[in-house]
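K.L.:
Pasting a predicted model and its sequence here:
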Amino acid sequence: MSADSTVEPRSGDSGEPVLPQHPDVALWRTATRADIDALHGVFAAADAVDHPTWITPREEVADTFDLPHIDHARDTLIGFSEDGRAIAAGSSFLHPSRSEKLSVHLAGSVHPAWRRRGIGRELFAWQNARAEQQVAEAAAGAETLPVELKTYAEAVNVGHQTLAEAFGFAAERWFATMVRPRSEVPAVAAPEGVEVVAYTSDREEDAREARNDAFRDHWGSLPSTSEGWGKFVGSEFFRGDLSRLVVDGTGRIIAFCLVTVNHDDWEARGRSNAYIDLIGVVRDRRRQGLAPLVIAHALQAIADADIDEAILDVDTESPTGANTLYSGLGFVAEERSVALVRRP
């Protein structure tokens with residue numbers, strides 16, 4: 001199949017996605033909680049090839065089974081070899097926030113030892129059809145909303161990009177992973193009337209509100225729900241002691257820099273690192289120097305914890321000019337990924 005041909009989603013008479021057929025896959029079935037290790041095994045094996053500097057945590061896979069908007073019995077498919085090994089897995093998750101648009105994220109992998117046999121194409125066809133079904137169900141009897149189906153691919157994984165394009169997806173946004181080795185952190189003066197503090201668990205809800213306000217105009221962003229946010233700040237990887245908040249005189253959070261640490265990635269990179277998941281400034285306090293202030297304080301906390309480097313991902317076309325900000329703080333681009341989107 002040529003890269004510029006388009007494949008239609010495939011559904012059976014019942015409207016359910018047609019299970020794939022492939023001579024190298026003995027069984028396709030949807031997932032249960034008992035499949036967490038099988039799913040993680042596929043993703044980890046693929047990660048080691050596609051982006052060997054970080055591996056999907058098992059806990060991240062397990063957490064999705066506790067989120068009310070995900071039904072793995074309908075949303076996730078696993079392919080097994082004749083000897084019972086999981087060799088492919090893919091999901092189609094409809095974002096729970098549906099006030100602005102219906103957004104479905106397609107994510108999946110084929111074990112590297114089983115690639116280039118057409119298994120990924122069969123899996124993606126099922127994911128695409130499931131996404132169409134989710135959108136149809138969510139839209140039934142409701143106000144018409146824009147629809148987007150989205151998948152992310154590492155820049156080095158050309159096969160993934162070509163596959164998505166064959167289903168009508170188009171590259172729309174590029175992201176860069178940026179790294180800052182531990183070094184002296186530049187001093188950033190705080191504007192009058194604000195204070196920088198460490199994140200504490202009592203700030204969970206107002207931190208979520210600050211995040212949703214800060215990201216309202218960011219590409220692809222939708223509001224974080226209480227359930228999803230609770231999973232993030234309540235995870236074993238989240239480090240409130242390394243995360244920083246800027247608060248005003250009333251105690252309102254006006255900027256944030258939230259950090260996680262996954263020790264499994266230390267072995268993959270050969271050195272310790274902290275990942276900066278979220279940086280944001282609420283919209284009515286932008287352009288007041290709060291972003292460099294909160295980042296600098298988080299970087300100092302990371303350095304004080306004797307961690308070798310800080311890592312973050314950035315939209316290369318961010319409306320806040322984040323690229324320039326991070327470069328000015330000593331971050332250097334290392335890897336790239338692309339978001340591919342289809343709007344039915």
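P.N.:
Alright, I've got the coordinates. Note that the structure is predicted; figures quoted are calculated from it, not measured.

K.L.:
From now on I want contacts and neighbour counts done on CA atoms only, so please keep to that.
P.N.:
Noted.

K.L.:
Tell me where the stretch 201-344 of the chain has helices.
P.N.:
204-214, 226-233, 263-269, 290-304, 322-328 (DSSP state H, counting those that start in this stretch).

K.L.:
Among those, which comes closest to residue 149?
P.N.:
helix 226-233 (19.8 Å; C-alpha to C-alpha).

K.L.:
Now mean neighbour count too, for the helices of the stretch 201-344 of the chain, in JSON lines please.
P.N.:
Shown next, in JSON lines, are these (neighbours: other C-alpha atoms under 10 Å):
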{"stretch": "helix 204-214", "mean neighbour count": "18"}
{"stretch": "helix 226-233", "mean neighbour count": "16"}
{"stretch": "helix 263-269", "mean neighbour count": "15"}
{"stretch": "helix 290-304", "mean neighbour count": "22"}
{"stretch": "helix 322-328", "mean neighbour count": "16"}
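
K.L.:
looking at those helices, which is closest to residue 56?
P.N.:
Here helix 263-269 is closest among the helices of the stretch 201-344 of the chain (C-alpha to C-alpha), at 9.1 Å.

K.L.:
which residues touch that closest one?
P.N.:
For helix 263-269, contacts defined as C-alpha atoms under 8 Å, 6 or more residues apart in numbering pick out 52, 53, 54, 55, 57, 272, 273.

K.L.:
where's the residue nearest to residue 336 when sequence neighbours are not counted, which helix or strand?
P.N.:
In this structure, residue 336 finds its nearest non-sequential neighbour in residue 176, 4.5 Å apart by C-alpha to C-alpha, 6 or more residues apart in numbering. Secondary structure assignment for residue 176, by DSSP states H and E: strand 170-181.

K.L.:
So which of the contacts of helix 263-269 wins on neighbours?
P.N.:
Neighbour counts for the contacts of helix 263-269 peak at residue 273, which has 25 neighbours (criterion: other C-alpha atoms under 10 Å).

K.L.:
quick one: that residue and residue 307 touch, right?
P.N.:
Yes. Counting by C-alpha atoms under 8 Å, residue 307 is a contact partner of residue 273 at 5.6 Å.

K.L.:
need the contact list for residue 336.
P.N.:
Per C-alpha under 8 Å, 6+ apart, neighbours of residue 336: 154, 155, 174, 175, 176, 177.

K.L.:
burial count for residue 223?
P.N.:
19.

K.L.:
Quick one: residues contacting it.
P.N.:
Per C-alpha under 8 Å, 6+ apart, neighbours of residue 223: 97, 212, 215, 216.

K.L.:
ditto for residue 85
P.N.:
residue 38.

K.L.:
how far is the helix or strand hosting residue 107 from where the chain is centred?
P.N.:
Secondary structure from DSSP H and E places residue 107 in strand 102-110. Mean-position distance between strand 102-110 and its chain equals 10 Å (C-alpha atoms, centre = their mean, to the nearest Å).

K.L.:
Show me what it packs onto, helices and strands only.
P.N.:
Contacting strand 102-110 under the criterion 3 or more C-alpha pairs under 8 Å, 6 or more residues apart in numbering; DSSP states H and E are the following elements: helix 36-50, strand 86-94, helix 119-139, strand 147-154.
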